[in-house]
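> Below: sequence and its predicted model.
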Amino acid sequence: QVQLVESGGGVVQTGGSLRLSCTASGRTGEYYAMGWFRQAPEKEREFIASISSTSSNSYYVDSVKGRFTISRGNAKKTISLQMNNLKPEDTAVYYCNLGPSIQAVADMRSLLGNWGQGTQVIVSS
């Protein structure tokens, strides 16, 4: 089992920035793609960004492309999400997870980790 811990959320104004972090612990992590997801109030959890095990490839949904940047730490079991130009519609609880490929993570298919508590992001208008 892979445990996931997210951190870095907070309250920011529209146009502000936040940097989220995620650490995976357990049996695996460094050989898999990792990604970020979010769940807004009364909405289903959605995928937003993923990165390959070697950091050579990344994938974003259109709504965050150009504003968010996913990166992977040297330890390979950590990822970050730099979020710039935040909008009220980015308000959500943010989660991370991992899977066999960036596409599998994007499809929320074959995810390997236990969902963590997430980290709350609130963007005020």
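That came through, no problem. Residues are numbered from 1 along each chain as shown.

> And stretch 88-95, what's buried?
Under the neighbour-count criterion of 16 or more other CB atoms under 10 Å, stretch 88-95 has D90, T91, A92, V93, Y94, Y95 buried. The way it works is simple: take the backbone N, C-alpha and C, and place the C-beta from them, glycine included.

> nearest to S58, of the residues you listed?
Among those, Y94 lies closest to S58 (CB to CB), at 16.4 Å.

> was I right about the closest one contacting Q117?
No: counting by CB atoms under 8 Å, Y94 stays clear of Q117, with 10.6 Å between them.

> show me where pLDDT drops low in the protein?
Filtered on pLDDT under 70, the chain yields the residue ranges 28-30.

> Where do the strands of it begin and end?
2-7, 10-13, 18-26, 33-39, 46-51, 58-60, 68-72, 78-83, 92-99, 113-114, 119-124 (DSSP state E).

> Would you mind putting those strands into a markdown table with distance to D107 alongside?
Shown next, in a markdown table, are the strands of the chain (distance: least, CB to CB, whole Å):
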| stretch | distance to D107 |
| --- | --- |
| strand 2-7 | 18 |
| strand 10-13 | 29 |
| strand 18-26 | 19 |
| strand 33-39 | 10 |
| strand 46-51 | 8 |
| strand 58-60 | 11 |
| strand 68-72 | 16 |
| strand 78-83 | 18 |
| strand 92-99 | 8 |
| strand 113-114 | 15 |
| strand 119-124 | 23 |
